[in-house]
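[1] sequence and predicted structure below; questions after.
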Amino acid sequence: MIIDFHTHTFPEKIAEKALKNLSNTSRAIPYTDGTVSDRLNSMKKAGIDISINLAVATKASQVEGINDIAIASTSNGISEGIIEFGSMHIEYENVKDELKRLSDNGVKGIKIHPAFYQKDIIDSRIKNIIYEAQALNLIVITHAGWDIGFPEANYIPVKSLLEIDKEISPKKMVLAHMGGWNDWKTVESDLAGSDYYFDTSFSIGKINARLDPPAPMRSYNMQDEDFLRLCKKHGINKILFGTDSPWSDQKEYVDKINTMSFSEEEKEKIYHQNAEKLLGI
């Protein structure tokens, strides 16, 4: 059993345009066409049983539509192998009621992305989203660390995550990209061992980067030895397998984890047991 805790798909009618725009911004080349059908093909090749789809509300007006899809998908079960999370935006007004709507309809969690809001995660409105979600036993997964599409600032730095941990102490919060993309030294020294879950998405292996002008991407992922050390220090029980597909190749990610010096028991925890416990499935 393998659960990919961090993937993205788009409605078929907008998938091509959405990926093109995101690729232009991030300078990364996608591995799938962004549709559900191509995600299912990718999962089959990689031997992945379930993918969690994380839609990002980039404006408040998108929240309810995204959540409608998550609710409808949840009511149909996970027969296709995809679990839809809801989303929330900093400027959405009825946070408590909308999160309750998700919870009442069985949706497991939400995705937030402070870099798209261009606000630090300690903004009181974002903290309120996290607080209200926790009160409803919803998982919150957030981008963490730098975002290659927003190189001007780190909106989810370790110091802010430590403040949220101290003030709210969320027990079902997942930090994408191993706790903080491109800020892993600080993650290891200051955040490892906390109650946060880390997902492995877009943190190891090669980046399929665009080299064309005007702004070629110059960035990197973790070296294998640094990734292994961080996993061990944070605690294998709090590591979730994730890829960030379509921005990473799911099969390459599975192959990468399989070649690392994890025990079979540790791989079982990373691949599915930790996720099953968090999801309650």
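    Here it is on my side, so go on.
[2] ok now the helix or strand of the chain with the lowest mean pLDDT, how far from the chain's centre?
    In the chain, the helix or strand scored least confidently by mean pLDDT, DSSP states H and E is helix 12-26, which has a mean of 82. On the basis of C-alpha atoms, centre = their mean, to the nearest Å, helix 12-26 sits 18 Å off its chain's mean C-alpha point.
[3] list the buried residues in it.
    15, 18-19, 22-23, 26 (16 or more other C-beta atoms under 10 Å). No exception for glycine: its C-beta is placed from N, CA and C like everyone else's.
[4] what's the answer for stretch 135-147, then?
    Under 16+ other C-beta under 10 Å, the buried positions of stretch 135-147 are 138-147.
[5] ok, back up a step: now do the helix or strand just after the least confident helix or strand of the chain: everything it contacts.
    In the C-terminal direction, the helix or strand that comes right after helix 12-26 (DSSP states H and E) is helix 36-46. When contacts are defined by C-beta atoms under 8 Å, 6 or more residues apart in numbering, helix 36-46 is touched by residues 2, 4, 7, 9, 12, 31-32, 48-49, 51, 53, 80-82, 245-246, 249-251, 253-254.
[6] mark which of the residues you listed are part of strands, please.
    Mapping those onto strands (DSSP state E) picks out 4, 7, 51, 53, 82.
[7] show me what the third one is bridged to.
    Partner residues in beta bridges with Ser51: Asp4, Ile82, with DSSP bridges as the criterion.
[8] tell me the contacts of it?
    Counted by C-beta under 8 Å, 6+ apart, Ser51 has contacts 3-4, 7, 39, 43, 81-83, 245.
[9] out of those residues, which are buried?
    3-4, 7, 39, 43, 82-83, 245.
[10] and which of the residues you listed is nearest to Ser194?
    Ile3 (22.0 Å; C-beta to C-beta).
[11] which ones are touching the closest residue to the closest one other than its chain neighbours?
    Closest residue to Ile3 apart from its sequence neighbours, by C-beta to C-beta, 6 or more residues apart in numbering: Ala275 at 4.2 Å. By C-beta under 8 Å, 6+ apart, the contact set of Ala275 is 3, 5, 240-241.
[12] need the max-distance pair from the residues you listed.
    Ile3 and Leu240 (7.8 Å).
[13] as PDB, could you dump the C-alpha coordinates of stretch 90-110?
    Written as PDB, here are the backbone C-alpha positions of stretch 90-110 (Å, rounded to 0.1, in the frame of the first residue of the first chain):
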ATOM      1  CA  ILE A  90      -7.300  34.200   4.000                       C
ATOM      2  CA  GLU A  91      -9.900  36.600   2.700                       C
ATOM      3  CA  TYR A  92     -12.900  34.100   2.900                       C
ATOM      4  CA  GLU A  93     -15.300  35.500   5.500                       C
ATOM      5  CA  ASN A  94     -17.300  32.500   6.800                       C
ATOM      6  CA  VAL A  95     -14.400  30.400   7.800                       C
ATOM      7  CA  LYS A  96     -16.000  28.500  10.700                       C
ATOM      8  CA  ASP A  97     -19.200  27.700   8.800                       C
ATOM      9  CA  GLU A  98     -17.400  26.600   5.700                       C
ATOM     10  CA  LEU A  99     -15.000  24.300   7.600                       C
ATOM     11  CA  LYS A 100     -18.000  22.800   9.400                       C
ATOM     12  CA  ARG A 101     -19.600  22.100   6.100                       C
ATOM     13  CA  LEU A 102     -16.500  20.200   5.100                       C
ATOM     14  CA  SER A 103     -16.400  18.300   8.400                       C
ATOM     15  CA  ASP A 104     -20.100  17.500   8.400                       C
ATOM     16  CA  ASN A 105     -19.700  16.000   4.900                       C
ATOM     17  CA  GLY A 106     -16.700  13.800   5.800                       C
ATOM     18  CA  VAL A 107     -13.900  15.700   4.100                       C
ATOM     19  CA  LYS A 108     -10.700  14.900   5.900                       C
ATOM     20  CA  GLY A 109      -8.800  18.100   5.600                       C
ATOM     21  CA  ILE A 110      -7.900  21.400   3.800                       C
END
